[in-house]
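Peer 1: sequence and predicted model, in that order:
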Amino acid sequence: MLKEGQVRIPSGCAIAAIIDRKGGLINGSEIIKSISLMHDRSNGLGGGFAAYGIYPEHKDEYAFHIFFENKEAHQKCEEFLFKHFNIDVAERIPTKKVASISNGPDIWRYFGRVNRVRMKNSRLDEGEYVVQCVTKINAAYDGAYIFSSGKNMGCFKAVGFPEDVGEFYMLDRYDAYLWTAHGRFPTNTPGWWGGAHPFNILDWSIVHNGEISSYDANRRYIEQFGYKCTMQTDTEVITYLFDHLIRHHGLPANVAADVLTAPEWDEIDRMDDEKKEYFTNLRAIYSGALVNGPFSVILGSNKGLLAINDRLKLRSLTAAVKGDRAYFASEESAIRIICPDPDKVWSVSGADPVFVPLEIENKEDE
Amino acid sequence: MKKVYAKEELCLNCRLCEVYCKTAHSKTKDVLKANKYENPTPVSRITVYGDKMLSAAVNCRHCDNPKCVQACITGAMTKDEKTGIVSVNEKKCIGCMTCLSVCPFGCIKTGKFAVKCDLCQDEDEPACVKNCPNHALVYIDLGGAK
Amino acid sequence: MAVNYIPRRFTVIRDKNLCIDCGCCVRQCSNECHFFDGDGKTVVSDSENCVACHRCVDLCPTRALRIEKYVCDYRENANWTPQYQQEICRQAETGGVLLSGMGTPKPYPIYWDKILLNASQVTNPSIDPLREPMEIRTILGRKPEKITVEKKGKSTVEMPPQVIIETPIMFSAMSFGSISLNAQKSLAMAAKNLGTLFNTGEGGLHPDLKEYTDCAIVQVASGRFGVHKEYLNNSRFVEIKIGQGAKPGIGGHLPGEKVNVEVSNARMIPEGSDAISPAPHHDIYSIEDLRQLIWSIKQATDNKKPVSVKIAAVHNVAAIASGCVRAGADIVVIDGFRGGTGAAPTRIRDNVGIPIELALAAADQRLRDEGIRSRISLVAAGSFRCSADIVKAIALGADACYCASAPLIAMGCHMCQTCNTGKCNWGIATQRPELTKRLNPEIMHLRVENLINAWNHEIKEIMGGMGINSVDSLRGNRLMLRGIGLSEKELEILGIMHAGE
């Protein structure tokens, strides 16, 4: 049987997220509580979390989280990593035995900076250099898979229900200003650890619920620009779209969101000239990046959080605000269990992406 | 009043208007029976003149001052004041064909009596117009007196 | 010639029980297959010249006529088929190149029929086009690499000229000359009402079509007939025709007898003279020359019109398409070898070029590999028979499709493949006034519109089934396609999986 990554597998899901706009830290137990309420929306074949602000002592270094399926992959991957980066720390990610999670890979994390000599020789900017190194390992090194590569953030994922995954990684030991979580319901796969969400590249992480019907149009669009969709998941392709639009084209996150969930022509035709021109240009230039079919997506980054919903509102996504914190979840109940008395609750609409910017300055790369 | 007008630039010279006129004025109203088996053969009230290069269908103009009405010796030929339609009362017509000789358009046909276009009064549209394959016949009101 | 080496093709069967001797068939057949017998009353037929155009069949008020294939058996031979023998006899008689009209009738693989479409089930809802917006609006033209914005809601990018069409279906080039003015006018009227475009072909723009310049694609081909500054500017975009799918590598020839005063004015050539389009553009002997021509046209149009380049699907089509993009083409049109024509040498039509499916798949992938696919528009041409063909073409990677044969059929064409004779009984491929008047644009534009509207509905229905509500998300979405009964190599070129995978 082909595993995920070799074949495209449709899946349904639950997603949740919390952000503190002022950078206040939230313990991992909160997000676990939220996502676990939506137990029935996943089927034990994948769960995961992304946490921002968890490695303050290494905040200027890339944190690589890697799955190794065998010794040889471990060795070869490390060789590559040590050549291309100056690694300060290499350690196993601490985990706890959980009955429902087994047969996992060896899970390591590395903290390090780019090898400047190699980067200069490659003539790539730093982001591109890191992305290419990660893509190289994930595409060419069988048995090694980098599932997290940002700074001062990390993804934690496994095959299992999300609450078990949280317990497995002992996430109650981590505090973050932004959490996203995901519970997966793939339809016909044994599940692969790398296939669980969130999907991450650099500081971007994505959790996603839905099955996009534009997948191959989006994949073939984004692959023009050097990306390789190795996992064949919607989440991967959406992540790359955002990465391309924001990092390569320098678009603000809310403009990138407009690309993915552009309004319908009927609506555009009724807009004032300035807006009409904006959306017509957007749709003309980025027709291949329009995402179609049911989806709700939460994009986490060190700049904040972006929640988008499909154009027809075929997937559920609820948002809430309480003080400095914003909450998102597939179901309102998953918000209310950790925030029983929000200031405002609403259903995220397709035409109206929600962007919650982080109001503290994150140190930019030079 | 609404009349049938021919657009010669569109006329195919197919003469299907004649076929369908006969059918519309037959006993059976069946295109095959009317044109092949009915006796007496129905008479077409419309005639296509011309050749493949230039042709046009001609039928009664339902003139404002119809010569045929003036010439009719029995009062069989009348112009309806309401509809403007010029028609023959078969009970009064004696078949003298004076009307035929005075009609400037040659639109009176000979049967047992004088026969002429009645604009298919019982239908929405005359049969010739309805069945013209190229819309070369139109049934419209271009103004003018009734 | 005393000996008829070639049996006739068809037999006209007249049911005497039904024939009313009205003579309609007599007056309609330009091939003179029907006539009044000696008595001047009874209609009889001579099948010798029948081309099976069905004009008589369709107009007969009692349906008394039927055309049958004339069967005259030869000794069975899988190699020397009757067709080859007959063609040899024709050439033995005339010493000439065999000519044919319309696209190739040969049974080459039609990949559209070997590709199946997907639909949503459970994991993804299908969308009901009657309840939800379903978008097929398409934007053609060169796109900048990226948008620049002042802020969300305000674009600052300078857009090259774009052409917005309300359906991904356009009418392909058919010149006034190869088709009648009435036929072209019907297409122009339909294009205007449908929000799409028609293409003048290499025949100039007749003054009667001035009011349709907003939906006209004007063509510049190797003969440069009818090309002047005003012509170029009276358009939505300008198309440089390098090749045609039905006859790659050769030019065109409109016989002098079709060049009447109207045609001569539109083409700016003397009345009665043969209009010969050379095989190549004699100012384009390589790709850099194409760049100059594109540049010249852009100059002449003040950079207000996108320029498309139409090439025939030949073996190296992907690289050529890429070259056209790099030479400055905003839109690349690929015409597959099943595409139609007013007249082409039969041997060329039936043997040169490759099917549009493979050419389109290869070119789209090549442009993506080079990272330039999203910068330009790709239009596929060459025999789209129904809406499903269009959907499949878009999923393979086309922005829009050019259709010509289908709207012609809507206007009465019966694919008798004798366009080259100029005796088209339906008034389409002829300039004879007695025949062209048979095509009334007031009737025909509605039939063409009905056809395209019907296809639009079907495209929306199919897209809805896939869970897609914008044609943008269908474009290049090859996961929506599966091959059936195709080899590994064919699947590889088409970039699709086999059914069941």
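Peer 2: All right, it came through fine.

Peer 1: need the residues of the stretch 101-250 of chain A near chain C, please.
Peer 2: A:187, A:210-211, A:213-218, A:220-221, A:223-226, A:248-250 (CB under 8 Å from any CB of the partner chain). The way it works is simple: take the backbone N, C-alpha and C, and place the C-beta from them, glycine included.

Peer 1: same thing but 7 Å
Peer 2: A:187, A:211, A:213-217, A:220-221, A:223-225, A:249 (CB under 7 Å from any CB of the partner chain).

Peer 1: excluding chain neighbours, give the residue nearest to residue A:234 in space.
Peer 2: Computed as CB to CB, 6 or more residues apart in numbering or on different chains, the closest residue to residue A:234 that is not its neighbour in sequence is residue A:212, at 4.6 Å.

Peer 1: out of the residues of the stretch 101-250 of chain A next to chain C, which is nearest to residue C:481?
Peer 2: Closest to residue C:481 out of these is residue A:216 (9.0 Å), distances taken as CB to CB.

Peer 1: if we can go back for a sec, pLDDT value on the residue nearest to residue A:234, please?
Peer 2: On pLDDT, residue A:212 comes in at 86.

Peer 1: which residues sit in contact with it?
Peer 2: Going by CB atoms under 7 Å, 6 or more residues apart in numbering or on different chains, residue A:212 touches A:218, A:234, A:291, A:292, A:293, A:295.

Peer 1: what's the neighbour count on the first one?
Peer 2: Taking other CB atoms under 10 Å in any protein chain shown as the criterion, the count of residues near residue A:218 is 25.

Peer 1: next: the second one.
Peer 2: The number of residues packed near residue A:234 is 31, by other CB under 10 Å.

Peer 1: now residue C:402: which helix or strand?
Peer 2: strand C:400-403 (DSSP states H and E).

Peer 1: counting contacts, what elements does the helix or strand following that strand pack onto?
Peer 2: Scanning forward in sequence from strand C:400-403 by DSSP H and E, the next helix or strand is helix C:405-410. Helices and strands touching helix C:405-410, by 3 or more CB pairs under 7 Å, 6 or more residues apart in numbering or on different chains; DSSP states H and E, are helix C:441-466.

Peer 1: buried sites along stretch C:200-211?
Peer 2: Neighbour counts using 16 or more other CB atoms under 10 Å in any protein chain shown place C:200, C:201, C:202, C:203, C:204, C:205, C:206, C:208, C:209 of stretch C:200-211 among the buried residues.

Peer 1: grab the nearest non-local neighbour of the fifth one.
Peer 2: Spatially, and ignoring its direct neighbours in sequence, residue C:204 is nearest to residue C:226 (2.1 Å; CB to CB, 6+ apart).

Peer 1: residue A:300 against residue A:51, yeah?
Peer 2: No: the pair residue A:300 and residue A:51 does not pass the contact test of CB atoms under 7 Å, sitting 8.8 Å apart.

Peer 1: dump the longest helix anywhere in chain B to CSV, keeping only the CA atoms.
Peer 2: Determined from DSSP state H, the single longest helix within chain B is helix B:16-24. C-alpha atoms of helix B:16-24 as CSV (Å, rounded to 0.1, in the frame of the first residue of the first chain):
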residue,chain,number,x,y,z
LEU,B,16,-41.9,26.0,-49.1
CYS,B,17,-44.2,28.9,-48.4
GLU,B,18,-46.4,27.6,-51.3
VAL,B,19,-46.3,24.1,-49.9
TYR,B,20,-47.4,25.2,-46.5
CYS,B,21,-49.9,27.6,-47.8
LYS,B,22,-51.6,24.8,-49.6
THR,B,23,-51.5,22.7,-46.5
ALA,B,24,-53.0,25.4,-44.4
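
Peer 1: other residues contacting the next helix or strand after that helix?
Peer 2: Counting by DSSP H and E, the next helix or strand C-terminal to helix B:16-24 is helix B:31-32. Identification of contacts with helix B:31-32 by CB under 7 Å, 6+ apart yields B:19, B:23, C:18, C:20, C:61, C:62.

Peer 1: and the buried ones among those, selectable in PyMOL?
Peer 2: The buried residues among the contacts of helix B:31-32 can be selected in PyMOL (16+ other CB under 10 Å) with this line:
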select buried, (chain B and resi 19+23) or (chain C and resi 18+20+61+62)
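
Peer 1: tell me the spacing between the residue of chain B found nearest chain C and residue A:169.
Peer 2: Closest contact between chain B and chain C, by CB to the nearest CB, is at residue B:35 (3.8 Å). The gap separating residue B:35 from residue A:169 is 91 Å, by CB to CB, to the nearest Å.
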